[in-house]
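1. missing the sequence, but the structure's below:
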């Protein structure tokens, strides 16, 4: 990566940091309105979108479209793999917690 690319990435990171600092913190009322099931459903949807995007990019690259390069395809595929693996780990922990709760004496 050349120095111009690094400077662009640093500038984007600074902009994102400033935007994140400008957002007000969520109040307790807003936080309590979010249910676990909706949060889980949203995260699964994001993983699915990531996988669909990676698949579409792979197909575009295989068809030889000029607007898709190999580096972007590989990054997209790795992001979707990592997000899927993270989702699987969360699922495994939830199943373990469920089994533990079910084995508790009443």
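-> Now that the structure is in, tell me what you want to look at. No experiment lies behind these values; they were computed from the predicted model shown.
2. how much space separates the residue most central in space within the chain from residue 6?
-> Nearest to the mean C-alpha position of the chain, by Cα atoms, centre = their mean, lies residue 83 at 5.6 Å. The gap separating residue 83 from residue 6 is 26 Å, by Cβ to Cβ, to the nearest Å. Bear in mind the C-beta positions are built from the backbone N, C-alpha and C, glycine included.
3. kindly report the same for residue 58.
-> When residue 58 is compared with residue 6 (using Cβ to Cβ), they lie 28 Å apart.
4. who has more neighbours out of the two?
-> Just comparing residue 58 and residue 6: by other Cβ atoms under 10 Å the higher neighbour count belongs to residue 58, 15 against 10.
5. ok, and the helix or strand in this protein with the lowest average confidence?
-> helix 28-32 (a mean of 57; mean pLDDT, DSSP states H and E).
6. list the buried residues in the helix or strand following that helix.
-> Next helix or strand after helix 28-32 toward the C-terminus (DSSP states H and E): helix 36-62. Neighbour-count burial for helix 36-62 flags 47, 50-51, 54, 57, 61 (criterion: 16 or more other Cβ atoms under 10 Å).
7. do stretch 78-86 as well
-> Across stretch 78-86, burial judged by 16+ other Cβ under 10 Å covers 80, 83.
8. which residues does that stretch contact?
-> 46-47, 50-51, 53-54 (Cβ atoms under 8 Å, 6 or more residues apart in numbering).
9. and it, how far out from the chain middle?
-> Between the centre of stretch 78-86 and the centre of its chain there are 8 Å (Cα atoms, centre = their mean, to the nearest Å).
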